[in-house]
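J.: 3D model of this:
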Amino acid sequence: MNPANNIYLKTQINTSHPGELTLMLYNGCIKFMKQSLDSIQQKDYEGKNEYIKKSLDIIDELIITLDMNYDISRNLNSLYEFMKNNLIKGNISLDTRCITDVIELMTELRDTWVQALKQVKSNGTKVSV
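T.: Okay, here's the model as predicted:
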């Protein structure tokens with residue numbers, strides 16, 4: 001990544017609303033998982049492993065941000081752990097279905113999060129997970 005992109009991304013992260021940061025994590029995770037599928041197809045197993053590792057790191061970050069005082073956070077934690085297990089299985093066995101399943105789940109979460117952000121912006125309320 002070139003230095004200009006790094007500066008842009010750092011500025012975007014530092015000036016974003018916390019809900020938008022979560023959205024960036026979802027989008028990044030989806031991007032890396034798709035890149036892992038491309039790497040499997042190209043028989044680039046080192047690249048596949050790196051993209052899966054980045055996806056797992058993002059899921060770990062999503063887990064860290066959960067407020068476990070809420071039922072929804074505990075449910076999300078279980079879902080994130082399921083995703084991590086599927087990614088690890090897909091990474092080890094080159095099972096693209098495991099990775100595709102996680103992409104679909106993460107995409108649904110991302111789309112739901114987008115709707116929640118729209119609701120927050122229109123209502124001016126705070127969302128906490």
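J.: Only C-alpha atoms from now on, for both contacts and neighbour counts.
T.: Will do.
J.: for the lengthiest helix in the chain, packing partners?
T.: Counting residues, the longest helix found in the chain (DSSP state H) is helix 96-123. Where contact means 3 or more C-alpha pairs under 8 Å, 6 or more residues apart in numbering; DSSP states H and E, helix 96-123 is packed against helix 18-41, helix 71-93.
J.: wait, which of the ones you listed is closest to Leu117?
T.: helix 18-41 (6.7 Å; C-alpha to C-alpha).
J.: what's next to that closest one, contact-wise?
T.: With contacts defined as C-alpha atoms under 8 Å, 6 or more residues apart in numbering, helix 18-41 is touched by 13, 45, 47-52, 54-55, 58-59, 62, 94, 96, 99, 103, 106-107, 109-110, 113-114, 117, 127.
J.: Weed out the non-buried ones from these.
T.: 47-52, 54-55, 58-59, 62, 94, 96, 99, 103, 106-107, 110, 113-114, 117 (16 or more other C-alpha atoms under 10 Å).
J.: where in the chain is pLDDT low?
T.: The model of the chain has pLDDT under 70 over residues 1-17, 124-129.
J.: make it 90
T.: 1-20, 118-129 (pLDDT under 90).
J.: Quick check: the residue lying closest to Tyr45 once chain neighbours are set aside vs Thr107, distance?
T.: Using C-alpha to C-alpha, 6 or more residues apart in numbering and skipping the chain neighbours, the partner closest in space to Tyr45 is Ser39 (6.5 Å). Counting by C-alpha to C-alpha, to the nearest Å, the gap from Ser39 to Thr107 is 20 Å.
J.: swap in Thr22?
T.: 13 Å.
J.: Quick check, Arg97 in contact with Gly90.
T.: Yes - in this structure, Arg97 is within contact of Gly90 by C-alpha atoms under 8 Å, at 7.4 Å.
J.: more neighbours, the two?
T.: Taking neighbours as other C-alpha atoms under 10 Å, Arg97 and Gly90 compare with Gly90 leading, 21 against 13.
J.: Can you verify my assumption that the more buried one contacts Thr96?
T.: Yes - under the criterion of C-alpha under 8 Å, Gly90 makes contact with Thr96 at 6.1 Å.
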